[in-house]
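# sequence unavailable; structure follows:
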């Protein structure tokens, strides 16, 4: 495994350990209070399966399920970070400006 690591782009969107993911993922990955969900009018907040966070380990590999998170633990690839779909454009803009 390469030692190249990707720093989490959002400091408050990380799991520092496998145990933290087990204990917190169900609440942290189902709540995005700032997202303006246009499918449901002008209300704020996450609603529906169409809007889900995408998780990546520090080697940049996607983490879709428990096996991926276990691999991250075994290979020292924490922190695992996540990004919401509405943050992607801003993240790409930051990368292009660097």
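Happy to help now that I have it. Please read all numbers here as calculations on a predicted model, not as lab measurements.
# C-alpha from now on. contacts and neighbour counts both.
Will do.
# quick one: the helices in this structure, in order.
With DSSP state H as the criterion, the chain has helices at 18-28, 66-74, 88-97.
# need those helices in TSV (columns: distance to residue 12, mean pLDDT and mean neighbour count).
TSV is the format used below for those (distance: least, Cα to Cα, whole Å; pLDDT from 0 to 100; neighbours: other Cα atoms under 10 Å):
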stretch	distance to residue 12	mean pLDDT	mean neighbour count
helix 18-28	10	93	13
helix 66-74	18	97	16
helix 88-97	15	75	10
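# tell me which of those lies nearest to residue 57.
Residue 57 lies closest to helix 66-74 among the helices of the chain, at 6.4 Å (Cα to Cα).
# which ones are touching the residue most central in space within the chain?
Closest residue to the average C-alpha location of the chain: residue 82 at 0.9 Å, with Cα atoms, centre = their mean. Shown in contact with residue 82 (Cα atoms under 8 Å, 6 or more residues apart in numbering): 8, 13-14, 53-56.
# could I have the PyMOL command that selects the buried members from those?
Only the buried entries of these go into this PyMOL selection, using 16 or more other Cα atoms under 10 Å:
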select buried, resi 8+13+14+53+55+56
